[in-house]
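Enquirer: okay, structure incoming, though there's no sequence with it:
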């Protein structure tokens, strides 16, 4: 393995998003803070959900939203831009295989996802105070969530040929799934058939898994963890294959 | 050990054959110029060797290692200057070179980067963002990126396309310096002049086929058909039979052949005959002539 090569690409990916912190870190922080203020204070500030104050209830979902979105956006935009500006040539000519490319691109995206997720959490703590019910579960959910969405972003970046295509997944899939994914409400309080339908949404289980880890409430199910792990394996296998064969990267 | 061996390489693009059974060996330490018209397959050939193009069939061996199986170790010895300028606008000149060094698995080496910057006259721009460079500087940085990891085999894909005369001379000097340091260089070009100035051997590629590979000197002798054109002040009474006298007897044309006399000797004959010479013009062979002739010959030749 070309470990210096992988590390170089990873460092480059991290420096890339740190060069434009306003866009890559600050902007998502502001938008999640706004969600927090609007949904938490203005709309739901009064009641409690699943036995915790509403303000606290929405924190895990917001952390997950920031984490997933930013991990995804980092790989998808970076890989896509690499193709467009032709710097993919540098990566293809150099002795970098699927493993090095995955470590570099996905590692950089995870750094951004985790940075935004954790900063969101820290901002939330200002309002709610510090609490972690299950540190290990929380840690695993955060890292695995960042990994999964980073790899999905890489797949989107490799596949996309036009700029609008890299937004397909966040706009048409991730955004609806997260808004319908129990970030702002408990799916258990929904009327049928929506309660059952919600169970088909993988984001519901991921958010609930993180909520269990952070707040110790909700279903004791490990389905979120299992789903993330399954997507991680599948997406990694596909990404490996695409990078190995040079799909849409080589002529 | 040969730096590069290509064996019956074929590349099809959506039913179109871009490379049609190309076989080629590059010798250690030589400068090899690949000539050919646009779309002949020069860039595809280089791309296939450097891992940018998926070959359809054939075999590529880099430093004795099959590029398919053990290609990554071998590829660490290879550098490519692509035809298209490609930079990450987020990074400075120095950072671009440092990244490239890292991609090739080499540890950080600021001294080496300084050396490359100096050799390519980019020291002053070391900390400038790449988007702030002029066109010529961008070309030079492109070369720096391909060389910073000290490759043993370097591909330059039309390094001087759209480059001014001064920079072209600089780049030629740099390529010659690389050769002196023992680097093997393969370059593609449109310019016969460039191949003449630099190359040890020349290959001509057309329609995906390598139609000719030869030593530069041999090629120039074989194909460098210079023409001599003499205009007389008044109709000439007589002219040497090696050339052609026009109907009005005012112009004499001679085409130099490897077997016959050269232009100077023929000019001597004209003077010796005391003909009323008014003007003498030489017409050098152009790459176009050479290409056309090679292509014609390859078509006329027996089917291989």
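Expert: Okay, I see it. Quick caveat: nothing in here was measured; it's all calculated off a predicted structure.
Enquirer: can you map out the helices along the chain?
Expert: Going with chain A. When assigned using DSSP state H, the helices of chain A occupy the ranges A:3-19, A:21, A:27-35, A:54-84, A:88-93, A:98-128, A:135-159, A:168, A:175-179, A:194-198, A:202-215, A:223-245.
Enquirer: nope, chain B
Expert: If you assign secondary structure with DSSP H, the helices in chain B sit at B:42-50, B:71-75, B:93-103, B:110-119, B:135-147, B:165-180, B:192-198, B:216-223, B:263-272, B:287-300.
Enquirer: who wins for proximity to chain A among these?
Expert: Each of those was checked against chain A via C-beta to the nearest C-beta, and the shortest separation belongs to helix B:93-103, namely 2.7 Å. Quick note: C-beta positions are derived from backbone N, CA and C, even for glycine.
Enquirer: one step back: ranking the helices of chain B by mean pLDDT, which is last?
Expert: If the helices of chain B are sorted by mean pLDDT, helix B:287-300 sits at the bottom with a mean of 66.
Enquirer: how about the helices of chain B in CSV, adding mean neighbour count and distance to chain A?
Expert: Listed next are those as CSV, based on neighbours: other C-beta atoms under 10 Å in any protein chain shown; distance: least, C-beta to the nearest C-beta, whole Å:
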stretch, mean neighbour count, distance to chain A
helix B:42-50, 25, 5
helix B:71-75, 20, 4
helix B:93-103, 24, 3
helix B:110-119, 16, 13
helix B:135-147, 21, 7
helix B:165-180, 15, 17
helix B:192-198, 20, 22
helix B:216-223, 17, 27
helix B:263-272, 15, 46
helix B:287-300, 15, 25
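Enquirer: dump those to a markdown table, plus distance to residue A:147.
Expert: Written out in a markdown table, the entries for the helices of chain B read as follows (distance: least, C-beta to C-beta, whole Å):
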| stretch | distance to residue A:147 |
| --- | --- |
| helix B:42-50 | 31 |
| helix B:71-75 | 25 |
| helix B:93-103 | 23 |
| helix B:110-119 | 33 |
| helix B:135-147 | 31 |
| helix B:165-180 | 43 |
| helix B:192-198 | 49 |
| helix B:216-223 | 55 |
| helix B:263-272 | 73 |
| helix B:287-300 | 54 |
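Enquirer: of those helices, which is nearest residue A:106?
Expert: Taking C-beta to C-beta as the criterion, residue A:106 comes closest to helix B:93-103 out of the helices of chain B, the separation being 16.6 Å.
Enquirer: ok, the residue in chain A that chain B sits nearest to to residue A:149 distance?
Expert: Of the residues in chain A, the one nearest chain B is residue A:8, at a distance of 2.7 Å by C-beta to the nearest C-beta. In this structure, residue A:8 lies at 23 Å from residue A:149, with C-beta to C-beta, to the nearest Å as the measure.
Enquirer: neighbour count: these two, which is higher?
Expert: Neighbour comparison, residue A:8 and residue A:149: the larger count goes to residue A:149, with 33 against 25 (by other C-beta atoms under 10 Å in any protein chain shown).
Enquirer: could I get the contacting residues of the more buried one?
Expert: For residue A:149, the contact set (C-beta atoms under 8 Å, 6 or more residues apart in numbering or on different chains) comprises A:67, A:68, A:69, A:71, A:72, A:109, A:113.
Enquirer: swap in 6 Å and give it another go.
Expert: A:68, A:71, A:72 (C-beta atoms under 6 Å, 6 or more residues apart in numbering or on different chains).
Enquirer: picking that back up, do you know the pLDDT at the residue of chain A closest to chain B?
Expert: At residue A:8 the predicted local confidence, pLDDT, stands at 94.
Enquirer: now it: closest residue in space, sequence neighbours ignored.
Expert: What sits nearest to residue A:8 in space, not counting adjacent residues and going by C-beta to C-beta, 6 or more residues apart in numbering or on different chains, is residue B:102, at 2.7 Å.
Enquirer: surely that neighbour and residue A:10 touch.
Expert: No - if you go by C-beta atoms under 6 Å, residue B:102 and residue A:10 don't touch, sitting 9.9 Å apart.
Enquirer: shaky segments in the stretch 51-200 of chain A?
Expert: Counting by pLDDT under 70, not a single residue of the stretch 51-200 of chain A qualifies.
Enquirer: please list the residues of it that sit near chain B.
Expert: Residues of the stretch 51-200 of chain A that fall close to chain B, judged by C-beta under 6 Å from any C-beta of the partner chain: A:86, A:87, A:89, A:92, A:93, A:94, A:95, A:96.
Enquirer: quick one, what contacts whatever residue of the stretch 151-300 of chain B ends up closest to chain A?
Expert: Ranked by C-beta to the nearest C-beta, the top residue of the stretch 151-300 of chain B for proximity to chain A is residue B:155, at 8.9 Å. The contact partners of residue B:155, taken as C-beta under 6 Å, 6+ apart, are B:46, B:80, B:186.
Enquirer: kindly recompute the last result at 10 Å.
Expert: Neighbour list for residue B:155: A:93, B:4, B:26, B:32, B:34, B:43, B:45-47, B:49-50, B:78-82, B:146, B:184-188 [criterion: C-beta atoms under 10 Å, 6 or more residues apart in numbering or on different chains].
Enquirer: in the sheet, who's paired with it?
Expert: Listed beta-bridge partners, residue B:155: residue B:80, residue B:186 (assigned using DSSP bridges).
Enquirer: quick one, grab the pLDDT at it.
Expert: In this model, residue B:155 is scored at 94, pLDDT.
Enquirer: ends of stretch B:252-260, how far apart?
Expert: One end of stretch B:252-260 sits 17 Å from the other (C-alpha to C-alpha, to the nearest Å).
Enquirer: ok, now stretch B:154-161?
Expert: 17 Å.
Enquirer: just stretch A:157-174 next, same as before
Expert: Chord length of stretch A:157-174, first to last residue, is 15 Å (C-alpha to C-alpha).
Enquirer: now do stretch B:56-65
Expert: The first residue of stretch B:56-65 is 19 Å away from its last residue (C-alpha to C-alpha).
Enquirer: tell me, how many residues neighbour residue 34?
Expert: Went with chain A since none was named. A count of nearby residues for residue A:34, using other C-beta under 10 Å, gives 10.
Enquirer: hmm, no, I was thinking of chain B.
Expert: Residue crowding around residue B:34 was assessed by other C-beta under 10 Å; the count is 28.
Enquirer: so what's the closest residue to it other than its chain neighbours up against?
Expert: Nearest-residue entry for residue B:34: residue B:188, 4.5 Å, with adjacent residues in sequence omitted and distances by C-beta to C-beta, 6+ apart. For residue B:188, the set of contacting residues under the criterion of C-beta under 10 Å, 6+ apart consists of B:32-36, B:40-43, B:45-46, B:83, B:155-159, B:161, B:194-195, B:203, B:205.
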